[in-house]
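**Student:** Any chance you can model this:
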Amino acid sequence: MANHLYYGDNLDVLRESIKSESVDLVYLDPPFNSNANYNVLFRSPSGESSQAQIEAFEDTWHWNNQAERAFDEVMQGRNHDVAEMLRAMRLFLKDNDMMAYLTHMAVRLVELHRVLKPTGSIYLHCDPTASHYLKLIMDAVFGVDGYKGEMIWKRTNARGTPLNWPRLHDVILVFWKSTNSTFNVQKVRADVAKTPHTLITVDGVKYQTYELTGAGITKDGETGRPWRGFDPTALGRHWGNGHAQMDAWDSNGEIHWPRDKGFPRRRDLKPFDPEGREIVVGDVWVDIDRINQSANERLGYPTQKPVALLERILSASSNPGDVVLDPFCGCGTTVHAAEKLGRQWIGIDITHLSISLIEKRLKDAFPGIAFEVHGAPKDLDGARDLSNRDKYQFQWWAVSLVDAVPYGGKKKGADGGIDGHIFFKSGAKTTEKAIVSVKGGGVSVRDVRELTAVVDRERAKIGVYISLEPHTRPMVQEAASAGLYDGPTGKVPKIQLFTIEELFAGKKPQIPLIERGFKAAAREERDDQSELDL
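**Tutor:** Numbers count the residues shown, from 1 in each chain. As a prediction, this is how the structure comes out:
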């Protein structure tokens, strides 16, 4: 199976392109308008939001005809539990932004359940503002027995001076499709500064010991009955294993019997090594830091998650060669981690901008990587078709061809003649910008004059004009008459003209000392993938 990157609405892609029971692990981090923070993927160095990304998701956050249709789909669907849950939530929440978001998620979670293998798992990364509602929907989709945990990821130490308790964590809900779902215990090196209080000394050598009981009383089975005279129910607990297993451990010298007649414990047979001590990872993750501004891993996406976070999830709930799916792949951290760990992967996103940037990220990090891109124009006819179908997606896709950050929404005149920005360094501490303008229809010399005026108005240094149609001779002359930008690496044209065909052929803007909005990903060393069908 080849790796796949899809442009489009993930609901359509799931239904049309992803087979039932074909995916081993799903991770998703869907955008949500918590506190009017639109979870924007892309920002300029000055903090300006990408209108393209906001526009792509705005319908998700308002109750409208689209939300009503999604709600009706769930009501008419085969999963009665999901329909009943969503109907009850609507009675409580009414027709508001939260309800629109939950409806949007419910219809997609039903599809994600369908594509998961019986041994599959799903990790839903969400804002605590919506996590409790999403858990109820997940209970309905996967069954209450499918719930396996709520991971708490401490993503920041920043506290500021809020009017309420500072929010330092994200929630990651974990559900299994069946009791046979894949799970690999994860261990991390323990803090050697903290000597465990469970050590014992035998013949002058220290050993580590562990509880034999677990919290809670079981009503059925031998785990709730006394063993060797010790009754776990007296402590409000139960045995973690059957009597036969504990008998076998005792015969092998793996049971420690305290001198004070306290409850027995299981002990390691290897001497305690404080330097090599490992502990099992639990449901509170404080050892994976957010991506700092100065971190080498940071590429320029404000909501970028650390690769280490996804590596832990993938390592726990998938094996090499398994298929990992991210239906909201954004800046591509999930597929990056999957490629690094030798998993096969599928990424879906609703903006051409994301797909283009993920392509660049993967090619930078894994030279020679092979994957298929679906839905993005691959030739001039495809570009012209996209322009005819959706001029805004065409604009956002076109600016990605020159590694620009998109700008401007769908309101007429809102962009002021600007479709994108390219930010670049002209000195150690000086950030300059180039203005990008895209034209999908007919072209004229007037377009060049308008771009020159915008560049001057915005105090930019360079203007980049992209068009589907060839440039006329007067356009080329007008661009030349705008003069040159004298940068630290030499003089380059102030106004630069490109056709889509030229960009397909590899032609690029002349931007001095390029350090654009998104850094190149560091080259990665992959796990052995000789057995994968790439």
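**Student:** Show me the longest helix that occurs in this protein.
**Tutor:** Selection of the longest helix in the chain by residue count, based on DSSP state H, yields helix 97-115.
**Student:** counting contacts, what elements does that helix pack onto?
**Tutor:** Under the contact definition 3 or more C-beta pairs under 8 Å, 6 or more residues apart in numbering; DSSP states H and E, helix 97-115 sits against helix 10-17, strand 23-28, helix 65-76, helix 80-93, helix 128-142. (C-beta placed from N, C-alpha, C; glycine too.)
**Student:** Next, the angle from it to helix 128-142.
**Tutor:** For helix 97-115 and helix 128-142, the angle between their directions (axes from the mean of the first three to the mean of the last three C-alpha atoms, to 10 degrees) works out to 40 degrees.
**Student:** nearest spatial neighbour of R523, skipping sequence neighbours?
**Tutor:** A365 (6.0 Å; C-beta to C-beta, 6 or more residues apart in numbering).
**Student:** burial measure for P166, as a count.
**Tutor:** P166 is flanked by 11 other residues according to other C-beta atoms under 10 Å.
**Student:** returning to that earlier point: so for the longest helix of the chain, what gets flagged as buried?
**Tutor:** Neighbour-count burial for helix 97-115, with 16 or more other C-beta atoms under 10 Å as criterion, is recorded at 98-115.
**Student:** How far off centre is that helix?
**Tutor:** The offset between the C-alpha centroid of helix 97-115 and the centroid of the whole chain comes to 17 Å, using C-alpha atoms, centre = their mean, to the nearest Å.
**Student:** What lies in contact with stretch 498-508?
**Tutor:** Contacts of stretch 498-508 from elsewhere in the structure, counted by C-beta atoms under 8 Å, 6 or more residues apart in numbering, are 379-380, 383, 398, 401-402, 464-471, 509.
**Student:** and the closest residue to N157 other than its chain neighbours, backbone torsions?
**Tutor:** Distance criterion C-beta to C-beta, 6+ apart; nearest residue to N157, sequence neighbours excluded, is L168 at 7.0 Å. Dihedral angles phi and psi of L168 (degrees, to the nearest 10) take the values phi -110, psi -10.
**Student:** And the pLDDT at L168?
**Tutor:** Among the per-residue scores, L168 shows a pLDDT of 86.
**Student:** got it, and Y38?
**Tutor:** Taking Y38 on its own, its pLDDT is 39.
**Student:** Repeat that for R523.
**Tutor:** You'll see R523 listed with a pLDDT of 79.
**Student:** would you say it is within a strand?
**Tutor:** No - using DSSP: H, G, I helix; E, B strand; the rest coil, the secondary structure at R523 is coil, not a strand.
**Student:** Next, count neighbours for it.
**Tutor:** Other residues near R523 number 9, with proximity taken as other C-beta under 10 Å.
**Student:** residues touching it, list them.
**Tutor:** Contact criterion C-beta under 8 Å, 6+ apart gives D364, A365, F366, P367 as the residues in contact with R523.
**Student:** Assign the first one to one of the three secondary structure states.
**Tutor:** Of the three states, D364 takes helix under three-state DSSP.
**Student:** any idea how far D403 is from it?
**Tutor:** Counting by C-beta to C-beta, to the nearest Å, the gap between D364 and D403 amounts to 11 Å.
**Student:** more crowded one of these two?
**Tutor:** Set side by side, D364 and D403 show unequal neighbour counts under other C-beta under 10 Å, the larger going to D403 at 20 against 17.
**Student:** now L168: how far from L484?
**Tutor:** Counting by C-beta to C-beta, the gap between L168 and L484 amounts to 50 Å.
**Student:** and what of I500?
**Tutor:** Taking C-beta to C-beta as the measure, I500 falls 25 Å from L484.
**Student:** who has more neighbours, those two?
**Tutor:** In this view I500 and L484 are compared by other C-beta under 10 Å, and I500 has more residues nearby, 24 against 13.
**Student:** separation between the more buried one and P474?
**Tutor:** Distance of I500 to P474, given as C-beta to C-beta: 20 Å.
**Student:** where are the low-confidence patches of the stretch 51-200 of the chain?
**Tutor:** Applying pLDDT under 70 to the stretch 51-200 of the chain flags residues 51-60, 159-161, 191-196.
**Student:** returning to that earlier point: what about the residue nearest to R523, how many neighbours?
**Tutor:** Around A365 there are 21 other residues, counting by other C-beta under 10 Å.
**Student:** Quick check: it touching E524?
**Tutor:** Yes - counting by C-beta atoms under 8 Å, A365 touches E524, with 4.6 Å between them.
**Student:** who touches both of the two?
**Tutor:** Overlap between the neighbourhoods of A365 and E524 consists of H336, E339, K340, taking contacts as C-beta under 8 Å, 6+ apart.
**Student:** Of these, which belong to helices?
**Tutor:** Restricting those to those inside helices, with DSSP H as the criterion, leaves H336, E339, K340.
**Student:** ok, for the second one, nearest residue in space, not its chain neighbours?
**Tutor:** Think E339. With sequence-adjacent residues excluded and distances taken as C-beta to C-beta, 6+ apart, E339 is closest to F366, at 5.6 Å.
**Student:** Repeat that for the last one.
**Tutor:** Nearest in space to K340, with sequence neighbours left out and distances taken as C-beta to C-beta, 6+ apart, is E524 at 5.2 Å.
**Student:** ditto for Y27
**Tutor:** Y123 (4.7 Å).
**Student:** Now do the contacts for H62.
**Tutor:** D97, A100.
**Student:** where along the stretch 301-450 of the chain do the helices fall?
**Tutor:** Per DSSP state H, counting those that start in this stretch, the stretch 301-450 of the chain carries helices over the ranges 307-317, 333-340, 352-365, 380-389, 391-400, 445-457.
**Student:** want to throw the shared contacts of A365 and E524 into a markdown table with neighbour count?
**Tutor:** As requested, the shared contacts of A365 and E524 are arranged in a markdown table below (neighbours: other C-beta atoms under 10 Å):
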| residue | neighbour count |
| --- | --- |
| H336 | 25 |
| E339 | 25 |
| K340 | 19 |
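**Student:** And those, which is closest to G229?
**Tutor:** K340 (51.8 Å; C-beta to C-beta).
**Student:** Now do that closest one against E525, distance only.
**Tutor:** Distance of K340 to E525, given as C-beta to C-beta: 8 Å.
**Student:** so Q208 sits in a helix?
**Tutor:** No - checked against three-state DSSP, Q208 lies outside a helix; its state is strand.
**Student:** G483: neighbouring residues, count only.
**Tutor:** Based on other C-beta under 10 Å, the number of other residues close to G483 is 12.
**Student:** Check K206 too.
**Tutor:** Other residues near K206 number 15, with proximity taken as other C-beta under 10 Å.
**Student:** My guess is it contacts F272. True?
**Tutor:** Yes - taking contact to mean C-beta under 8 Å, the distance of 4.3 Å between K206 and F272 places them in contact.
**Student:** Now the common contact residues for those two.
**Tutor:** Contacts common to K206 and F272, judged by C-beta under 8 Å, 6+ apart, are L199.
**Student:** any low-confidence regions in this structure?
**Tutor:** Residues of the chain that meet the criterion pLDDT under 70 lie in 1, 33-60, 159-161, 191-196, 292-303, 408-415, 427-428, 513-520, 526-534.
**Student:** mind running it again at 50?
**Tutor:** Applying pLDDT under 50 to the chain flags residues 34-40, 293-294, 412-413, 514, 516, 529-534.
**Student:** Show me how the record splits it into domains.
**Tutor:** According to automatic domain parsing, the chain is divided into the following domains: 4-37+117-186+281-374, 190-279, 380-504.
**Student:** Go through those domains and name the closest to K94.
**Tutor:** Closest to K94 of these, according to C-beta to C-beta: domain 4-37+117-186+281-374, at 13.4 Å.
**Student:** Kindly check the end-to-end length of the closest one for me.
**Tutor:** 7 Å (C-alpha to C-alpha, to the nearest Å).
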